[in-house]
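Enquirer: Using only what follows, build the 3D model:
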Amino acid sequence: MVRVTILLLLAAPVFAAGTGGIRVTGQIPCAGYLAPAGADAGLLLVGSGFAVRVHAPPGRASFTLSLRTNCRYRLVAAPLSDAHLQIVEGTVSAAAGGAHLTAAALQASITPAALGTAPVACAAGQRVSNGGNNLTADNAILLQIVVESPGPEEAVASFTLELIR
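Expert: All right, here's what the predicted structure looks like:
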């Protein structure tokens, strides 16, 4: 029995080479994850997965989102209240080193925008992760976004991750 198993294991590569080889095809589906990673006092972040809701008090404040994707992406901001919110600026950095980041991960762009009645793309980039999962510390980037609201009431907006194949 052991000799037959060994013979089959030795013959498999020869058979595969003689028939043109073994070819595995398929496509890994696009996946991504967005999560709150920090915020100034008074600014509330709610949710994770594909969307985070931001409750910004009047004035200027910043918050940080952790982002992982295995394909291109766009971050879209949409107003959820009548109060105005403006995306003033932003920065991109590695969450915890770059062992599992792609070469283009930190080249993401954050675009200043005023949220009106329609959603606007405020960040975009290439694939972030070379491997790992949502618990792998070094396969995520941090998007630090500075917003400003004239007040007097709190401004609420949704930041949604859109994956692009």
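Enquirer: Show me the helices in the protein, by range?
Expert: For the chain, the helices defined by DSSP state H occupy 2-18.
Enquirer: Closest to the centroid, which residue in it?
Expert: residue 67 (3.1 Å; CA atoms, centre = their mean).
Enquirer: Now do the contacts for it.
Expert: Residue 67 makes contacts with 32-34, 73, 75, 128, 140-143, 161, as judged by CB atoms under 8 Å, 6 or more residues apart in numbering. Placement of C-beta: from N, CA and C, glycine included.
Enquirer: what sits opposite it in the beta ladder?
Expert: On the basis of DSSP bridges, residue 67 is bridged to residue 34, residue 141.
Enquirer: low pLDDT regions in the chain?
Expert: Filtered on pLDDT under 70, the chain yields the residue ranges 1-20.
Enquirer: Kindly tell me how buried residue 42 is, as a neighbour count.
Expert: Taking other CB atoms under 10 Å as the neighbour definition, residue 42 ends up with a count of 12.
Enquirer: How about the one 3 residues further on?
Expert: A count of nearby residues for residue 45, using other CB under 10 Å, gives 19.
Enquirer: Turn the contacts of residue 67 into a markdown table, columns for distance to residue 151 and neighbour count.
Expert: Below are the contacts of residue 67 laid out as a markdown table (distance: CB to CB, whole Å; neighbours: other CB atoms under 10 Å):
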| residue | distance to residue 151 | neighbour count |
| --- | --- | --- |
| 32 | 33 | 21 |
| 33 | 32 | 18 |
| 34 | 27 | 23 |
| 73 | 31 | 23 |
| 75 | 24 | 26 |
| 128 | 34 | 27 |
| 140 | 33 | 26 |
| 141 | 31 | 22 |
| 142 | 27 | 17 |
| 143 | 24 | 23 |
| 161 | 28 | 20 |
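Enquirer: if we take these, which one ends up nearest to residue 95?
Expert: The closest of the contacts of residue 67 to residue 95 turns out to be residue 140 (CB to CB; 4.0 Å).
Enquirer: Where do the strands of this protein begin and end?
Expert: The residue ranges that make up the strands of the chain, judged by DSSP state E, are 32-39, 44-46, 51-56, 59-69, 72-79, 85-94, 109-110, 113-115, 120-125, 141-149, 155-164.
Enquirer: Reformat the contacts of residue 67 into a markdown table and put distance to residue 23 next to each item.
Expert: Written out in a markdown table, the entries for these read as follows (distance: CB to CB, whole Å):
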| residue | distance to residue 23 |
| --- | --- |
| 32 | 29 |
| 33 | 31 |
| 34 | 35 |
| 73 | 30 |
| 75 | 37 |
| 128 | 29 |
| 140 | 33 |
| 141 | 34 |
| 142 | 39 |
| 143 | 39 |
| 161 | 33 |
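Enquirer: Many thanks, I have nothing further to ask.
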